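**Q** Take this sequence and fold it.
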Amino acid sequence: MEKIRIAIVGVGNCASALIQGINYYRRRDPKDAIGLMHWQIGPYTPDSIEVVLAFDIDKRKVNRPLSEAIFAKPNCTKVFCDKIEGTDPKVLMGRILDGYSSHMEEYHEDSRFVLADHPEPDFKGVVNAIKKAKVDILLNYLPVGAEEATKFYAECALEAGAGFINNIPVFIASNPEWANRFKEKGLPVIGDDIKSQIGATITHRVLVDLFKKRGVKLDRTYQLNFGGNTDFLNMLNRSRLRSKKISKTEAVQSVTASKLEGENIHIGPSDYVPWQRDNKICYLRMEGRIFGDVEINLELRLSVEDSPNSAGIVIDAIRCAKIAMDRGISGVLYSPSAYFMKHPPKQYPDDEAYRMIEEFISGKRAN
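**A** Got it, this is the predicted structure:
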């Protein structure tokens with residue numbers, strides 16, 4: 001079977017969970033493949049995905065085999081598969097740009113990035129590496145707030161002829177200019193900002209939609225999140241959160257019956273608690289009114305390992321991007337973006353997005 005050759009930018013917890021998952025499901029019977037939305041998409045199973053190239057900026061990962069780098073500090077996600085097989089490229093030094101927040105230097109080495117002292121590659125160097133590895137799809141796993149770095153790697157994907165999956169809240173797929181450029185190059189793009197398998201955003205959206213469908217007036221709501229991985233540590237720099245706040249807030253606002261005023265909706269992220277490691281805690285509160293203008297309050301606590309929660313979506317996004325390439329579909333992939341991402345070019349209710357992605361996978365829907 002043909003392999004899907006992927007490159008990863010940022011060998012953090014999310015990349016670790018994805019690579020572990022590819023190997024974990026390689027050893028599973030399809031009838032016992034717990035945690036997957038789809039065992040097969042087109043001709044592709046999880047085992048079809050092959051990581052052939054990776055970039056990072058941490059000295060504990062650069063120049064190490066990928067199979068070792070995914071378990072190096074500061075990664076702290078759950079290890080559910082420590083036997084990594086197949087291709088094992090050495091992690092290359094990436095471009096730093098704004099992919100590193102200086103406040104992280106104040107924390108213990110186990111928690112922060114430790115910048116490698118290797119020379120940074122230029123644009124041509126990254127493009128040549130992508131071409132040499134014959135990459136089909138480039139995955140962006142940079143930290144939140146890495147606007148310049150994300151645009152740099154998107155440019156590299158365009159120049160090298162690779163599709164692009166943007167897992168972070170920098171607006172590429174949802175920016176018409178970028179979307180048109182991928183279309184013109186004949187390349188697919190999925191984005192922006194991964195919506196986890198059962199995470200804070202999808203749970204919040206489903207409950208808001210439930211209020212709407214049951215005739216409940218939603219007056220105000222909040223979503224507070226905290227965890228102990230480098231994602232939460234990075235987000236202590238509030239200046240890096242503008243696009244993240246927009247992405248998460250719009251994901252919830254898009255399914256309300258009527259848009260809430262700014263003071264009546266607060267969507268995290270909230271804080272960093274080191275001992276939580278890769279476990280994410282989410283608190284939701286929704287206040288509204290039912291029949292007769294009578295008050296109703298709903299509170300929910302969600303606890304979930306953050307990175308496998310993301311990988312459960314990305315493993316499908318990769319295969320959707322590849323079947324789009326096989327079918328000659330380019331530009332924004334609207335159905336995968338609507339179902340997999342918080343900030344797609346166009347928001348749809350989740351039940352409609354589910355129908356769209358199933359039709360896209362089956363070939364009944366072009367895009």
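**Q** tell me the mean pLDDT over stretch 77-89?
**A** For stretch 77-89, mean pLDDT rounds to 96.
**Q** in that stretch, what's buried?
**A** For stretch 77-89, burial by neighbour count (16 or more other Cβ atoms under 10 Å) applies to 77, 78, 81, 84, 86, 89. In this view, the C-beta of every residue, glycine as well, is placed from N, C-alpha and C.
**Q** you'd agree the fifth one is up against residue 48?
**A** The reference is to residue 86. No. In this structure, residue 86 is not within contact of residue 48 by Cβ atoms under 8 Å, at 10.9 Å.
**Q** hang on, the earlier thing: tell me the one among the buried residues of stretch 77-89 nearest to residue 1.
**A** Nearest to residue 1 among the buried residues of stretch 77-89: residue 86, at 13.1 Å, using Cβ to Cβ.
**Q** can you tell me the helix or strand for that closest one?
**A** Remark: residue 86 resides in no helix or strand, with elements defined by DSSP states H and E.
**Q** For the stretch 151-300 of the chain, just list every one of the helices.
**A** Assigned by DSSP state H, counting those that start in this stretch, the helices in the stretch 151-300 of the chain fall at 176-185, 200-213, 230-234, 242-253.
**Q** Which secondary structure state does the closest residue to residue 93 other than its chain neighbours sit in?
**A** Leaving aside its chain neighbours, residue 93 sits nearest to residue 118 (4.0 Å; criterion: Cβ to Cβ, 6 or more residues apart in numbering). Of the three states, residue 118 takes coil under DSSP: H, G, I helix; E, B strand; the rest coil.
**Q** Just give the number of residues close to residue 118.
**A** 13 (other Cβ atoms under 10 Å).
**Q** show me the contacts for it.
**A** Neighbouring residues of residue 118 by Cβ atoms under 8 Å, 6 or more residues apart in numbering: 59, 62, 63, 93.
**Q** Among these, which ones are in strands?
**A** With strands defined by DSSP state E, the entries of the contacts of residue 118 inside them are residue 93.
**Q** Restricting to C-alpha, output stretch 217-234 in PDB.
**A** The C-alpha trace of stretch 217-234 is given here as PDB (Å, rounded to 0.1, in the frame of the first residue of the first chain):
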ATOM      1  CA  LYS A 217     -31.900  31.100  26.400                       C
ATOM      2  CA  LEU A 218     -28.100  31.200  27.000                       C
ATOM      3  CA  ASP A 219     -27.200  34.300  29.000                       C
ATOM      4  CA  ARG A 220     -23.600  33.800  29.800                       C
ATOM      5  CA  THR A 221     -20.900  31.100  29.800                       C
ATOM      6  CA  TYR A 222     -17.300  30.500  30.600                       C
ATOM      7  CA  GLN A 223     -14.700  27.900  29.800                       C
ATOM      8  CA  LEU A 224     -11.600  27.700  32.100                       C
ATOM      9  CA  ASN A 225      -8.700  25.400  31.100                       C
ATOM     10  CA  PHE A 226      -5.400  24.500  32.800                       C
ATOM     11  CA  GLY A 227      -2.700  22.000  32.400                       C
ATOM     12  CA  GLY A 228       1.000  21.300  33.000                       C
ATOM     13  CA  ASN A 229       2.500  20.800  29.500                       C
ATOM     14  CA  THR A 230       4.600  23.300  27.500                       C
ATOM     15  CA  ASP A 231       1.500  24.500  25.700                       C
ATOM     16  CA  PHE A 232       0.100  25.900  28.900                       C
ATOM     17  CA  LEU A 233       3.500  27.200  30.000                       C
ATOM     18  CA  ASN A 234       3.900  29.000  26.600                       C
END
